[in-house]
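In: Have a look at this fold, sequence not included:
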Ligand SMILES: [Mg+2]
């Protein structure tokens, strides 16, 4: 069993054991993803990129970041369970669409369409 499938089953079991299915409306799961994403952002708020790089060397800070990332993923998996979305298939399909939208030859080294290549 692949790890994402294992996680999806673990999340479903966690929810079922607590009889939380009635609370897991898609809207509330989407709201929860946004809230947990904000908690992740809070870890970086008011910190310079250099400060964040330094803080990420600290085990406790890094653990906090990992926990918020985990919260985001757990709610995303719960939403995929609820909507019966094959998350890896959906992500791979979207990645293919992104690859067509942003061909590597055209976008290598550029963050957006209007950006000149470095030194270009
Ligand atoms: Mg959290």
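Out: Now that the structure is in, tell me what you want to look at. Since the structure is predicted, the reported quantities are computational estimates derived from the model, not experimental observations.

In: Name the residues that touch the lengthiest helix in the chain?
Out: The longest helix of the chain (DSSP state H) is helix 59-83. If you take Cβ atoms under 8 Å, 6 or more residues apart in numbering as the criterion, helix 59-83 is touched by 4, 7-8, 11-12, 15, 24, 26, 29-30, 32-33, 36-37, 39-40, 42-43, 55-56, 85-87, 90. For every residue, glycine as well, the C-beta is placed using N, CA and C.

In: just checking, what packs against the helix or strand following it?
Out: Downstream of helix 59-83, the next assigned helix or strand under DSSP states H and E is helix 87-101. Under the contact criterion of 3 or more Cβ pairs under 8 Å, 6 or more residues apart in numbering; DSSP states H and E, helix 87-101 touches helix 3-17, helix 59-83.

In: from the chain's centre, how far out does helix 87-101 sit?
Out: 15 Å (Cα atoms, centre = their mean, to the nearest Å).

In: Check stretch 34-52 too.
Out: The answer for stretch 34-52 is 14 Å, by Cα atoms, centre = their mean.

In: in that stretch, what counts as buried?
Out: By neighbour count with 16 or more other Cβ atoms under 10 Å, stretch 34-52 contains the buried residues 36-37, 39-40, 43.

In: What average pLDDT does it get?
Out: Mean pLDDT, stretch 34-52: 98.

In: same check, this time on stretch 58-77
Out: Mean pLDDT, stretch 58-77: 98.

In: what about it, near the ion?
Out: Yes: between stretch 58-77 and the ion, judged by Cβ under 5 Å from the ion, the touching residues are residue 71.

In: Counting neighbours, which bits of that stretch end up buried?
Out: When neighbours are counted by 16+ other Cβ under 10 Å, the buried residues of stretch 58-77 are found to be 64-65, 68, 71-77.

In: Can you lay out these as JSON lines showing distance to residue 49?
Out: As requested, the buried residues of stretch 58-77 are exported to JSON lines (distance: Cβ to Cβ, whole Å):
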{"residue": "64", "distance to residue 49": "18"}
{"residue": "65", "distance to residue 49": "14"}
{"residue": "68", "distance to residue 49": "18"}
{"residue": "71", "distance to residue 49": "23"}
{"residue": "72", "distance to residue 49": "21"}
{"residue": "73", "distance to residue 49": "24"}
{"residue": "74", "distance to residue 49": "27"}
{"residue": "75", "distance to residue 49": "27"}
{"residue": "76", "distance to residue 49": "26"}
{"residue": "77", "distance to residue 49": "29"}
